[in-house]
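J.: Structure of the sequence below:
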Amino acid sequence: MKLAGKVAAITGGTAGMGRGIAEAYLAEGGKVALFARNPDKGAAVLEELGAGENAIFIAGDVMQQSDVEGFIDQVIAHFGTLDILVNNAGGAGDLQPLVNLSDEAFDEAMKWNVYSTFWACRRALPAMLEKSDGRIINISSMEGKHGKPVLTAYSAAKHAVNGLTKSLAREVGAQGVTVNAICPGLVITDIIKNNGPATAKAMGMEFDEMVTMFAQEAAIKRPNTVEEIAAVAVLLASKAGAGITGAQISVDGGTAQY
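T.: Numbers count the residues shown, from 1 in each chain. All right, here's what the predicted structure looks like:
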């Protein structure tokens, strides 16, 4: 029970890596607040988790500042505290060569990935700093360490998330708050299954070809799993992770070996 009694706020918490992290935190004795857009799905996920009063769902759009800040406020009001913030929500958005990329599409990538993280961190930090204890975990990407064609806006956004992580870690480390990023490789979630074909098409290949390409770039020659990402999120949120801050931890099967 590495997280007994700890309260975690997780954006994008009803699917994929966000849900996997929520399940792992609950299994370690934590309490979770999930944030996503679809209230019906949120209610269904709560029922499936079967965690009773240890899990709540709050509906909102991560690209709306008032929704993100309201989520953090509601979590603190409901549970009385906030120990862990997982900024999981994000995505690639419009996939175009840079010469075809609109200002609106670039802005969307920044808002979805960077501004959402910034807003949540800024709102959550006072509660953590007040008690000199907290964990912030930003879900970045291996594209935050290198890049691929047509993923320019997404890669720029995830590089920004990593930069925010490093700077904020230095700001608040002496006050008991750690800030880290997890940089996953390809993880075959439902979102990837739904949106992956469009990504692959923009890259000039079929979905299966894209999966194979990512797998071959990895030392382990396969995609990562949600469980592998969640295990690192548990470590960073626990006492065992107290000495880790400002890190961008690759969980990508050895694709980006730094």
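J.: gap between the residue lying closest to residue 144 once chain neighbours are set aside and residue 165?
T.: Using C-beta to C-beta, 6 or more residues apart in numbering and skipping residues adjacent in sequence, the residue nearest residue 144 is residue 158, 3.2 Å away. C-beta here means a position set from N, CA and C on the backbone, and glycine is covered the same way. Counting by C-beta to C-beta, to the nearest Å, the separation of residue 158 from residue 165 is 10 Å.
J.: Settle it for me: which of the two has more neighbours?
T.: Comparing residue 158 with residue 165 by neighbour count (other C-beta atoms under 10 Å), the higher total belongs to residue 158, at 28 against 25.
J.: And that one, its phi and psi?
T.: Here is the backbone geometry of residue 158 (degrees, to the nearest 10): phi -70, psi -30.
J.: What helices and strands are in contact with whichever helix or strand residue 210 is part of?
T.: Residue 210 belongs to helix 207-217 when assigned by DSSP states H and E. If you count contacts as 3 or more C-beta pairs under 8 Å, 6 or more residues apart in numbering; DSSP states H and E, helix 207-217 packs onto helix 190-202.
J.: which residues sit against the helix it packs on?
T.: Applying C-beta atoms under 8 Å, 6 or more residues apart in numbering, the set of residues contacting helix 190-202 from outside is 15-16, 91-92, 95-96, 150, 186, 206-207, 209-211.
J.: Stretch 251-258 too?
T.: Residues contacting stretch 251-258 (C-beta under 8 Å, 6+ apart): 142, 145-146, 182-186, 214-215, 217-224, 228-229, 232, 250.
J.: how about 7 Å then?
T.: 142, 145-146, 182-185, 217-220, 222, 224, 228-229, 232, 250 (C-beta atoms under 7 Å, 6 or more residues apart in numbering).
J.: now these: which count as buried?
T.: Neighbour counting over the contacts of stretch 251-258 (16 or more other C-beta atoms under 10 Å) leaves 142, 145, 182-185, 217-218, 224, 228-229, 232, 250 as the buried ones.
J.: which residue ranges form the helices in the stretch 51-200 of the chain?
T.: Assigned by DSSP state H, counting those that start in this stretch, the stretch 51-200 of the chain shows helices spanning 65-79, 103-110, 116-130, 152-172, 190-202.
J.: Adding mean pLDDT and distance to residue 40, write those helices out as JSON lines.
T.: Listed next are those as JSON lines, based on pLDDT from 0 to 100; distance: least, C-beta to C-beta, whole Å:
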{"stretch": "helix 65-79", "mean pLDDT": "98", "distance to residue 40": "17"}
{"stretch": "helix 103-110", "mean pLDDT": "97", "distance to residue 40": "24"}
{"stretch": "helix 116-130", "mean pLDDT": "98", "distance to residue 40": "22"}
{"stretch": "helix 152-172", "mean pLDDT": "98", "distance to residue 40": "28"}
{"stretch": "helix 190-202", "mean pLDDT": "83", "distance to residue 40": "16"}
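J.: mind putting these in JSON lines, distance to residue 44 included?
T.: Putting those into JSON lines (distance: least, C-beta to C-beta, whole Å) gives the following:
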{"stretch": "helix 65-79", "distance to residue 44": "19"}
{"stretch": "helix 103-110", "distance to residue 44": "27"}
{"stretch": "helix 116-130", "distance to residue 44": "23"}
{"stretch": "helix 152-172", "distance to residue 44": "29"}
{"stretch": "helix 190-202", "distance to residue 44": "13"}
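J.: so which of those gets nearest residue 85?
T.: Nearest of those to residue 85, taken as C-beta to C-beta: helix 116-130 at 4.6 Å.
J.: quick one, the closest one and helix 103-110 angle?
T.: 30 degrees (axes from the mean of the first three to the mean of the last three C-alpha atoms, to 10 degrees).
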